[in-house]
Structure formats: C-alpha cells, structure tokens
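# Sequence first, predicted model second:
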Amino acid sequence: MKHRNEKQIRPLLLSWILLALVIDSSALAAQSPKTDPQQALDNVKNEVGPVNNQGTTGLDNYVEKAIRDLHQKVEQGVAKLKTQKQDAKRKADDAAKAAEAARDAAAKCKTDNDKKRIEALVKSAEQKQKDAQTSKDKADQMAKDLGKEVDDAGKNVDQHIADLKDNLQKAYDEKMQQFKDQGLPDNAFPRTNFQGHYNQTLDQLNKAVSKVQQEGKWENGKYNAANEGMRAKLDSEAVKAREFIRNAGFKNPKDNDALDPTGSLNNAATFLKAAKNYLDNCPPRVGLVPRPSTPTEVTVAIDNRPEAVVNICPGQNVQDAANRIGLAQHEVVAKDDTGTIIKGQGDPKAVAQAAQSQNVKLCFQPEEDFCTIYTPLTAYRGHDHSKHVHSGAAVHNHEAPDPPLSWGLNPPKTIIRWSR
C-alpha cells in the first residue's frame, strides 16, 4: 500500500470539511421552517382583535403609538429648529452689520493702505455672509426633514394596514395550496376549520380597519370628532405638527417671522456690492473725464438703502411717533392740517407693522422713496412721480425747474469730479 505524505493529506481533509459544512448548511436551510399559515393568521388576529372591554383593538393601539411618536419627534425637532433659526438670524445680522461697516469705510477710502484694510473688512463680511447662508440652509433642511417625518407617519400606518391584509391573504392562499397538495376534499374538517378561522379573522380585520379609519361628522356647521378613528386623529395631529414646524414652535407667527434671516442676507449682499464699487475708485481719480464719442458704461456707487415716506396723522407728537415706528432720524417733507409727512431710512412694510403694533396713526400707508440716477441730474429727473400718486401734492414741489426740451437732442456735457 502506498502512503500519502502530510502535504497530500492536508488538502483532502480541508476539502472534506468544506463539503461537510456545505451539506450541513443546506440541510439546516431545508429544515428552517417558514412562517406557518396558521401562525400568520393568528398574528393578524392578535393585532386586529379587541384588547379591552371598550372595544379598542390592537390596530387602534398601533396608530395611537404612531401619534405619540410623531408628537415626540416634532417636539424635539422643533426645539432644535428654533435654535438653528436663531443662529442663522444672529449670523445674518452680524453679516449685514459687517458689510455695512465695510461699505461705510469704503466710501471714505483715500489711499492704497486704506484699500488693503477695507478689502480685509470686505473679505471678513463675505465669510460672515457665507456662514449665515449655511446656517439658514441648515434650518431650511431641518424644517423639510421634520415635514417628511409628518408625511411618513401617515404613510407608515397606511402601509401597515395594507400589510395586514396582504399577510392574511397570503396565509389563506398558502394553506389552501397545502390542502390541495394533500388531496383533502373541500368538506374535510381541517380545511373547513381553517376557512372558518380565516373568515372570522378577515371580519375582525375589516371591522378594525373601518374603526380606525372612521371620520368625524359635520353637524350644524361644526365638526364633531366624537366618533373619529385613530387614523383621522393622526391626520389632525399632522395638521398641528405642520403648523408647529412652520412657526418654529412660537405661538405667535410674528415671532417666527422675526427670525427670518433673508432681509439681513439681502442687506449684506447690497452693502458688499456698494463697498466693492467704492473700492473700484480707490485711490480716487481726479480730473476731467472727457465726453466719449460712443456710449460708455460707468459704475456709480450710491447709498441705496430704502427710505419710507410717512404721513403722521394730526394730534400726535411727530418725534415720538417717528421714534416708535423706527424713523428717529428723519426729514420733515411737508406739514399742514392734514398731517406731517416725514421721510427716513427704513423698509415701508416694517414701518407699517411698527405703526400698527405701537398704535401710531398714519394717514396713508408708508411708501418707498427712491432716487433714480439720470444725467444731467435734477430734482425733476431724479424723482419718480408714479411712486407717490397717493402722497398728496406737497411732496411733488421741486426746487429746480423742468429741463428744457432741447436737452433731448443736445444734452450738456457730463463732468465727473473726483476729490480727496
């Protein structure tokens, strides 16, 4: 007999061991029981059957838990959302202040050293603006994710109900196939017993689903939620949750509106643009600019912060009223027995809201006053009458005369003087 050495025996042993493992695992797989149709049917019955004397079913409890879970998720999520929105607003306000400071500094830029210093201010403001936008985007995403949690709560319950129906039907079909494979006649006891059990469970399932999906009723113009099922209660909770998310947990929606960083971000962008325009002419160029033979585009930096024109009704202290509506620094445009018209830097909408909250009576809604740059610039050509058609005649009195019609054909030469 020939003897195999150790090198020949070892590979054979490994092959036998692997083969044994494969055979054993195949046997285990064949022996691992599938869910028995009867057990699957019992599982459905346990969930849809009554669990107390009040007629509450396991399905009612399932949806009630979904409501509790949703409420908890929204409460915790909105607390984080509010903090995130406060962070975004704070950063946006800081960015606007930094950008405004950069613009004001750029307007006074005289030397190359000034320019380098102000460019650093601009860069810092831009970074603050970027951080604020990132924080706002994060808050927006948090609100979106919470909204999805609300939507998914209802979808998950509906899917669970659909799965119960599907599992019951599959259990029935599989058991009937087993009876068929066994050759049992239709009237055999095992078959009729299972069918009776199935019909009873199907009836309980349908009743439980109808109960959980029961809607309230409108009676005498009012909604009566006395017989409302848990699915409808989940919908009601979802409506409240969406409003809670939309208002970031504040009872007064205006408190949430106050955290909107959009206005500050827009101001930051405007101030930065103006700062860069100022820096384009730093150090200032001095001299006469010749009139070009062809049209030339020229960038002019102006202070374009919005100004509000307000008519404060008679019988009120003008300065006190102006302070309360945010126009402490203002110019009196006109005054007579119909009221006092003032103009100051501020957003007309914000001024109107402040007037309402501070009980300041205005004789017309605040309007925006702005200046449009023309060449040559006059009081006539720099004022848009259409924006003040309801303001009264007083604000349309101009010191300068209308330009002659000949300017349309032969306008005077434009001279820009830059001074230190």
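Thanks, I have it. Numbers count the residues shown, from 1 in each chain.
# for this structure, which residue is closest to the average position?
Most central in the chain under Cα atoms, centre = their mean is Asp140, positioned 4.1 Å from the mean C-alpha point.
# that's a helix at it, yeah?
Yes. Remark: Asp140 belongs to a helix, assigned using DSSP: H, G, I helix; E, B strand; the rest coil.
# heads up, I number from 18, so please use that
Understood, numbering begins at 18; the last thing we discussed is Asp157.
# what about the stretch 318-437 of the chain, any weak spots by pLDDT?
Applying pLDDT under 70 to the stretch 318-437 of the chain flags residues 318-322, 386-426, 430-437.
# which residues in it form helices?
In the stretch 318-437 of the chain, the segments counted as helices under DSSP state H, counting those that start in this stretch are 335-341, 365-374.
# Out of the ones you listed, the one nearest Glu64 is which?
helix 365-374 (53.3 Å; Cβ to Cβ). No exception for glycine: its C-beta is placed from N, CA and C like everyone else's.
# buried residues in that closest one?
Buried residues in helix 365-374, counted by 16 or more other Cβ atoms under 10 Å: 365, 368-372.
# Throw those residues into TSV and include distance to Pro270, thanks.
Putting those into TSV (distance: Cβ to Cβ, whole Å) gives the following:
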residue	distance to Pro270
Pro365	21
Val368	20
Ala369	17
Gln370	13
Ala371	17
Ala372	19
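# Closest one to Asp104 out of those residues, please.
Ranked by distance to Asp104 (Cβ to Cβ), these are led by Gln370 at 24.0 Å.
# Thr279 versus that closest one, what's the distance?
16 Å (Cβ to Cβ, to the nearest Å).
# for Gln158, same thing?
Taken as Cβ to Cβ, the span from Gln158 to Thr279 is 16 Å.
# for the stretch 168-317 of the chain, what spans make up the strands?
234-236, 239-241 (DSSP state E, counting those that start in this stretch).
# Include mean neighbour count when you put those strands into CSV, please.
Compiled in CSV, these are given as follows (neighbours: other Cβ atoms under 10 Å):
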stretch, mean neighbour count
strand 234-236, 10
strand 239-241, 10
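# Of those strands, which is nearest Thr128?
Nearest to Thr128 among those is strand 239-241; the distance by Cβ to Cβ comes to 72.6 Å.
# Kindly spell out which helices and strands sit in contact with that closest one.
Contacts defined by 3 or more Cβ pairs under 8 Å, 6 or more residues apart in numbering; DSSP states H and E place strand 239-241 against strand 234-236.
# Paired strands for the strand it packs on, with orientation please.
Strand pairing for strand 234-236, determined by DSSP bridges: strand 239-241 (antiparallel).
# Work out the gap between the strand it pairs with and the centre of the chain.
32 Å (Cα atoms, centre = their mean, to the nearest Å).
# Rounded mean pLDDT for it, please.
Averaged over strand 239-241, pLDDT sits at 79.
# Name the surrounding residues that touch that strand.
Contact with strand 239-241 is made by 233-235, as judged by Cβ atoms under 8 Å, 6 or more residues apart in numbering.
# got it, and stretch 375-385?
Outside stretch 375-385, the residues that reach it (Cβ under 8 Å, 6+ apart) are 323-330, 333, 338, 341-342, 355-356, 365-366, 368-369, 371-372, 404-405, 407-408.
# from memory Ser152 sits against Asp111, does it?
No. Between Ser152 and Asp111 there is no contact, the gap being 10.8 Å when judged by Cβ atoms under 8 Å.
# Looking only at neighbour counts, state which of those two leads.
Set Ser152 next to Asp111 and count neighbours by other Cβ atoms under 10 Å: Ser152 wins out with 20 against 17.
# excluding its backbone neighbours, what's nearest the more buried one?
Leaving aside its chain neighbours, Ser152 sits nearest to Ala105 (3.9 Å; criterion: Cβ to Cβ, 6 or more residues apart in numbering).
# Surely the one you found is in contact with Gln146?
No. Between Ala105 and Gln146 there is no contact under Cβ under 8 Å: 11.8 Å.
# If we go by neighbour counts, what in stretch 325-339 is buried?
Within stretch 325-339, the residues that count as buried by 16+ other Cβ under 10 Å are 325-329, 333, 335, 338-339.
# repeat for stretch 56-75
For stretch 56-75, by 16+ other Cβ under 10 Å, it's 57-58, 61-62, 64-66, 74-75.
# In the stretch 68-217 of the chain, where is pLDDT below threshold?
In the stretch 68-217 of the chain (pLDDT under 70), no residue qualifies.
# can you give me the helices for it?
75-124, 129-199, 206-229.
# Keeping just the C-alphas, turn stretch 333-350 into CSV.
Extracted as CSV, the C-alpha positions of stretch 333-350 are listed here (Å, rounded to 0.1, in the frame of the first residue of the first chain):
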residue,chain,number,x,y,z
GLN,A,333,-49.6,113.2,17.6
ASN,A,334,-46.1,114.2,18.7
VAL,A,335,-44.2,113.7,15.4
GLN,A,336,-40.8,113.0,17.0
ASP,A,337,-42.3,110.5,19.4
ALA,A,338,-44.3,108.8,16.7
ALA,A,339,-41.2,108.7,14.5
ASN,A,340,-39.2,107.0,17.2
ARG,A,341,-41.8,104.3,17.7
ILE,A,342,-42.0,103.4,14.1
GLY,A,343,-38.2,103.2,13.6
LEU,A,344,-37.7,106.6,11.9
ALA,A,345,-35.9,108.5,14.7
GLN,A,346,-33.6,110.0,12.0
HIS,A,347,-36.0,111.6,9.5
GLU,A,348,-36.6,114.7,7.4
VAL,A,349,-39.9,116.6,7.5
VAL,A,350,-41.1,116.9,4.0
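# Let's have the helices of the stretch 318-437 of the chain in JSON lines, adding distance to Asp183.
Compiled in JSON lines, these are given as follows (distance: least, Cβ to Cβ, whole Å):
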{"stretch": "helix 335-341", "distance to Asp183": "65"}
{"stretch": "helix 365-374", "distance to Asp183": "55"}
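# now Asp354, nearest residue through space, not along the chain?
Leaving aside its sequence neighbours, Asp354 sits nearest to Pro331 (Cβ to Cβ, 6+ apart; 6.5 Å).
# Then Ala156?
Closest to Ala156 by Cβ to Cβ, 6+ apart is Gln101, at 4.2 Å.
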